[in-house]
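Asker: Give me the fold of what follows.
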Amino acid sequence: MERTSFDYIVVGCGGIGSAALYWLSKRVGAGALGIEQFELGHHNGGSQDNSRIIRTAYHDEMYTKLVPDTYKAFEEAEKESGVQLVYKTGGLLIAKKGETDDVAAKYANAMGSQNLPYQWLPGSKLKQRFPQFNTGDNHVAVYEEDGGLVDAAMANAVHIQLARGNGASVIDHCPVLRLTKNDSGHITVHTTKGNFTCKKVIMTPGAWINHVLGSIGVHIPVYVTQEQVTYLGTPHMKDFVKEKFPIFIYHSKDHDMYALPLHGNTGFKIGIDAGGPVVTPETRGFIPDPVREKKCIDFLKEILPTSVGPVLYSKTCLYTMTPDRNFVIDTCHRTGYDNVVICNGAGHAFKWSALLGKILSEMAIDGRTQYDIAPFTMDREALTNPDYKTTIFEGGSLSGGKDTSKSKL
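Answerer: I've put the predicted structure just below:
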């Protein structure tokens, strides 16, 4: 690029970064630049697939109070682009009585605190409502009408194209090497394609976040896992289309399963949340684990038998998680870089990406955000206490299962 000076630069143009660039461009136009180390729409991180879950159901008020604005943030991009991104299929949280129904109750309580509507369904009622399920009254479910899916790949592309339409620039295949502060107090972003300066930089590089933050004396205790999803070629496709079947999460005592109806291909999508091995961006692989693939299929044979069919394909992705699995949204003011804004999505942020992009743009332009991000700063115990017990399940009552003591990036 001939131009090297901008008002704001976003490093990492996945789900959150592309949204941040979009929201910046709405206010500063050509003053915004997005930098991506790979090609746009790549599959090396955690943002790219046909569909991701979006839901009002969450385990804590810190999230449920943000839910309405999350949907509104996606709606704004839909309105400007004319492209549908969110599909409301309804959503379920399913648990076994006496095992994990306390987790489901946490979700219900957090939703109720914000007047978000939901229904309790015993297993038999669940089967009446969605006869695809093979459940009895040893199960219980929380149902929400507004749960559904986001077309992830489409959302990323829409945010980038809208940002460009507003005058923003994007450079891909451009790894960032380090950050420095120049004599004027502005940030210089050093890349393989030259140096770029800006008043403030937003860091959203996912699993690579500490690769660059180390250059300004910042380290976030995150660990990266290699996750995967599987698409099954069910012969009963008409029973699992978006109009007839909801997204769901199944809370077991060992792990959480999640599934989505058909979208973007003919496959029923199933995955294990945070079930993969700890890796680094350099050591991860792209070959799915057949053991986890089989575990998903065996689970569906028991609870949702007609969804099972031949494996169309499985694909891997990366989760980048904090020890408490909560977001990081903060600046690097503790090391003298208050003009560096950072965000980590803790392995569950795509559903929030449109709103997180808006929050980051406000922090960069206004120096503050209208939304409550106090629970997500770097001052909390999970990020300051090296002995903090790692939590891998949303809801918090189930923890452990991974030794990350030697694997934090």
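
Asker: what are the ranges of the helices in the stretch 251-400 of the chain?
Answerer: Listed in chain order, the helices found in the stretch 251-400 of the chain under DSSP state H, counting those that start in this stretch are 290-303, 353-366, 381-384.

Asker: which SS class is the residue lying closest to Asp101 once chain neighbours are set aside?
Answerer: Closest residue to Asp101 apart from its sequence neighbours, by C-beta to C-beta, 6 or more residues apart in numbering: Ala95 at 4.6 Å. C-beta here means a position set from N, CA and C on the backbone, and glycine is covered the same way. Here Ala95 is recorded as strand under DSSP: H, G, I helix; E, B strand; the rest coil.

Asker: Can you give me the neighbour number for Ala95?
Answerer: 24 (other C-beta atoms under 10 Å).

Asker: Check the one 4 residues further on too.
Answerer: Residue crowding around Glu99 was assessed by other C-beta under 10 Å; the count is 15.

Asker: Equivalent analysis for Pro68, please.
Answerer: By other C-beta under 10 Å, 15 other residues sit near Pro68.

Asker: what does Cys174 give?
Answerer: For Cys174, using other C-beta under 10 Å, the count is 19.

Asker: check contacts around it.
Answerer: Residues near Cys174 by C-beta atoms under 8 Å, 6 or more residues apart in numbering: Ile35, Glu36, Gln37, Thr191, Thr192, Lys193.

Asker: Of those, grab the buried ones for PyMOL.
Answerer: In PyMOL, this line selects whichever of the contacts of Cys174 come out buried by 16 or more other C-beta atoms under 10 Å:
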select buried, resi 35+36+37+191
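
Asker: Switch the contacts of Cys174 over to CSV; also include pLDDT and distance to Val224.
Answerer: Shown next, in CSV, are the contacts of Cys174 (pLDDT from 0 to 100; distance: C-beta to C-beta, whole Å):
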residue, pLDDT, distance to Val224
Ile35, 98, 21
Glu36, 98, 18
Gln37, 98, 15
Thr191, 98, 22
Thr192, 98, 22
Lys193, 97, 26
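
Asker: if we take the contacts of Cys174, which one ends up nearest to Tyr22?
Answerer: Closest to Tyr22 out of the contacts of Cys174 is Glu36 (14.1 Å), distances taken as C-beta to C-beta.

Asker: so what's the residue nearest the centre of the chain up against?
Answerer: Most central in the chain under C-alpha atoms, centre = their mean is Ala349, positioned 2.4 Å from the mean C-alpha point. By C-beta under 8 Å, 6+ apart, the contact set of Ala349 is Gly15, Ile16, Phe327, Leu356.

Asker: What of Ser169?
Answerer: Met1, Arg3, Phe6, Ala30, Ala32, Leu33, Gly34.

Asker: re earlier: show me just the buried residues among the contacts of Ala349.
Answerer: By 16+ other C-beta under 10 Å, the contacts of Ala349 give Gly15, Ile16, Phe327, Leu356 as buried.

Asker: Please list all residues in contact with the third one.
Answerer: Counting by C-beta under 8 Å, 6+ apart, Phe327 touches Cys343, Asn344, Gly345, Ala346, Ala349, Trp352, Leu356, Phe376.

Asker: what are the ranges of the strands in the stretch 151-300 of the chain?
Answerer: Using DSSP state E, counting those that start in this stretch, the strands assigned to the stretch 151-300 of the chain run over residues 169-171, 176-181, 187-191, 194-198, 200-203, 223-232, 247-251, 256-260, 268-273, 278-279.

Asker: and of those, who's closest to Gln370?
Answerer: strand 200-203 (16.9 Å).

Asker: would you turn the contacts of Ser169 into TSV with pLDDT?
Answerer: Listed next are these as TSV, based on pLDDT from 0 to 100:
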residue	pLDDT
Met1	74
Arg3	94
Phe6	98
Ala30	98
Ala32	98
Leu33	98
Gly34	98
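
Asker: taking the residues you listed one by one, which sit in strands?
Answerer: Counted as lying in strands by DSSP state E, out of these, are Ala32, Leu33, Gly34.

Asker: of the residues you listed, buried ones?
Answerer: Ala32, Leu33, Gly34.

Asker: before we move on, back to that, may I ask which two of the contacts of Ala349 are separated the most?
Answerer: Checking those with C-beta to C-beta, the most distant pair is Gly15 and Phe327, at 12.8 Å.

Asker: quick one: common contacting residues for these two?
Answerer: With C-beta under 8 Å, 6+ apart as the test, Gly15 and Phe327 both reach Gly345, Ala349.
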